[in-house]
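In: curious how this folds, go ahead:
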Amino acid sequence: MDSGPQTVPKLRELGPGAPIGKYTVVRRLARGGMAEVYLAREAAFVGVERFVALKVILPHMAGEPRFLSMFKAEARVAATLDHPNIAQVLDAGEVDGEPYLVMEYVHGRTIQSLLRTATEREIGIPRGAAIALVIAACSGLHYAHERRDLSGQPLQIVHRDVSPSNLMCRYDGTVKLLDFGIAKAASQTSATQTGFFKGKSGYMSPEQCADEPLDRRSDVFNLGILLYELTTARKAFFGDNPVAVINKIANGRFTPPAELVPDYPAELERIVMQALAVTPEERFATAEELQLALETFVRARRLDASSTARAALMRAVFGDEPYPSLPPSPAPAAEIVTHTELAAVPVLLDADDPSLAVTVARRAPPSRKRAVVGGLVAVTVLLGVAAAAWTSRDGSAEAPPATEASRAPASVVEPAQDAVVGASADADSDDTRDEGTLAGPDVDDPAAATTEPVEATPPVPTAEPTTPEPARPSPRARAQRSNKRKKAAETKRKGPAGMYP
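Out: Residues are numbered from 1 along each chain as shown. The predicted structure is shown next:
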């Protein structure tokens, strides 16, 4: 019973940074009739990262239950293929009803793009490099055709879609065949059953056009189409509509290569015609047989069919293409430290002279992240104060000794207030004093040398303060109390003994 038209689910936008399972989308690479392909980044749990190709099945295909079942089964089979000329399937899954396939990222271009770009730029494809691309595809296909399961039974793998869009060449010359099993899964959808889905026009075997059972010789026919197009730069089968194309394929109607390329070798044309035979029995029985025939032709003609030749072709057509990279991460913003909860902590510069105690501001307790910045600031402050205090002591040591008559009363001296002022004043006077400042003879004048004592200059009398200052604790007592508070704060911050702060 017809349930009426079904609503096709809308594909969600997968922009840069969108997550698909454990993968993160970088950008879209391509879009086809069945899927979209994205460049994605995979981050392993050990910190290893790599780029992968993420193929997300389109909604109109994902809505077919039979397709999903076949897709999963074929993906499991494709994941067992491990060959240098086959793009490896790494993972498969489903997110929000959208199945996806994860393959190795191939840094290169499809043969379809190679043919189109070379034609537009009028760059001829060397015959040796063109044949080398087909030889690599033959090697990968024969491996898949011969694959067996764990019990030793043949898997009977048929690619079904060996076309220029499913064959890639990396920029280093390595050839990779894509999408094993997807064409078979797609052939089971209701769209195929109603006649709307008929594969890629121009790249089907006569058996596919007649909807007959397929074997590996169907893929050999597709290899013949690839060989034809790469060596002539023309399409083998084309027409005004898909029906016209299918009729040409079924009847084997195409222009012989020698009519398109005047110097086309007869032996190479014979290989092409055998691969494109309408009857499967007249073709090469295996992809390996086609590969051996092409290798024999290359050796006889002394053509360069190496991977180096393929890499040179890719550079000639596309130039130097750098490997993709992620944009650099922005530098972290500088942390703004807010100095709150400051506490005055006295620091004793000299244990023998408590009068040289200074007070610095310290944040309590500092965070571990800001400890380095705070420590640098504190060290800078302490070094500056220590330099000033050391200069003060040097100035006082060079002053002339005072006599008993010139000493001022003890009640007038205020060391706590005069420490900083005296240091700066003595430092200035040390640089600007005249020759008579030092006590003793002038060593540059021998006549002035004498053993007579030098009479000290009487000091200027100091006026008595009119208002007595309130009694204050001595500097040593203040330093001791501050040290006790400091030790108590450190103990509270660190916690029990042995605990890392």
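In: wait, doesn't residue 171 sit right on residue 315?
Out: Yes: judged on C-beta atoms under 8 Å, residue 171 makes contact with residue 315 at a distance of 7.3 Å. Glycine gets a C-beta too; all of them are placed from N, C-alpha and C.
In: of those two, give the one with the bigger neighbour count.
Out: For the pair residue 171 and residue 315, the greater number of neighbours falls to residue 171 (19 against 14), based on other C-beta atoms under 10 Å.
In: beta partners of residue 104?
Out: According to DSSP bridges, the residues that bridge with residue 104 are residue 52.
In: what of residue 35?
Out: Bridge pairing for residue 35 (DSSP bridges) gives the partners residue 57.
In: remind me which residues of the stretch 151-300 of the chain are low pLDDT?
Out: Under the criterion of pLDDT under 70, the regions of the stretch 151-300 of the chain flagged as low confidence span 181-199.
In: that one: strands as residue ranges?
Out: Taking DSSP state E, counting those that start in this stretch as the test, the strands found in the stretch 151-300 of the chain are 167-170, 175-177.
In: of those, which is nearest residue 273?
Out: Ranking those by their distance to residue 273 (criterion: C-beta to C-beta) puts strand 167-170 first, at 21.3 Å.
In: in that closest one, what's buried?
Out: Taking 16 or more other C-beta atoms under 10 Å as the basis for neighbour counts, the residues of strand 167-170 that come out buried are 167, 168, 169, 170.
In: same check on stretch 118-131?
Out: Counting neighbours by 16+ other C-beta under 10 Å, one finds that the buried residues in stretch 118-131 are 118, 125, 126, 127, 128, 129, 130, 131.
In: what's the span of it, first residue to last?
Out: Terminal residues of stretch 118-131 lie 16 Å apart, using C-alpha to C-alpha, to the nearest Å.
In: ok, stretch 246-265 next?
Out: 28 Å.
In: walk me through the domains of this protein.
Out: Following automatic domain parsing, one gets these domains for the chain: 19-318, 338-385.
In: go through these and name the closest to residue 327.
Out: The closest of the domains of the chain to residue 327 is domain 19-318. By C-beta to C-beta, the value is 9.9 Å.
In: so which of the buried residues of stretch 118-131 comes closest to residue 230?
Out: For the buried residues of stretch 118-131, the residue nearest residue 230 by C-beta to C-beta is residue 130; the value is 3.9 Å.
In: now that closest one. Nearest residue, chain neighbours left out?
Out: The shortest distance from residue 130 to any residue other than its chain neighbours is 3.9 Å, reached at residue 230 (C-beta to C-beta, 6 or more residues apart in numbering).
In: burial of the one you found, as a residue count?
Out: Residue 230: 22 surrounding residues under other C-beta under 10 Å.
In: element containing residue 83?
Out: Here residue 83, judged by DSSP states H and E, is contained in no helix and no strand.
In: doesn't residue 138 make contact with it?
Out: No: the pair formed by residue 83 and residue 138 falls short of the contact definition of C-beta under 8 Å, at 11.7 Å.
In: which one's more surrounded, the two?
Out: Neighbour totals were compared for residue 83 and residue 138, and residue 138 leads with 30 against 16 (other C-beta under 10 Å).
In: just to confirm, which helix or strand has the more buried one in it?
Out: Using DSSP H and E, residue 138 falls within helix 127-145.
In: helices and strands around that helix, which ones?
Out: Based on contacts counted as 3 or more C-beta pairs under 8 Å, 6 or more residues apart in numbering; DSSP states H and E, the elements that helix 127-145 packs against are strand 167-170, strand 175-177, helix 216-232, helix 287-301, helix 307-318.
In: with respect to residue 379, which of those lies nearest?
Out: Nearest to residue 379, of all these, is strand 167-170, at 56.2 Å by C-beta to C-beta.
In: who does the closest one touch, helix- and strand-wise?
Out: With contacts defined as 3+ C-beta pairs under 8 Å, 6+ apart, the secondary structure elements packing on strand 167-170 are strand 108-110, helix 111-120, helix 127-145, strand 175-177, helix 307-318.
In: turn the ones you listed into TSV, columns for distance to residue 386.
Out: Below are these laid out as TSV (distance: least, C-beta to C-beta, whole Å):
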stretch	distance to residue 386
strand 108-110	66
helix 111-120	72
helix 127-145	75
strand 175-177	70
helix 307-318	66
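In: compare these and report which one is nearest to residue 263.
Out: Of all these, the one in closest proximity to residue 263, counting by C-beta to C-beta, is helix 127-145 (9.5 Å).
In: report the mean confidence score over the closest one.
Out: What helix 127-145 shows for mean pLDDT is 96.
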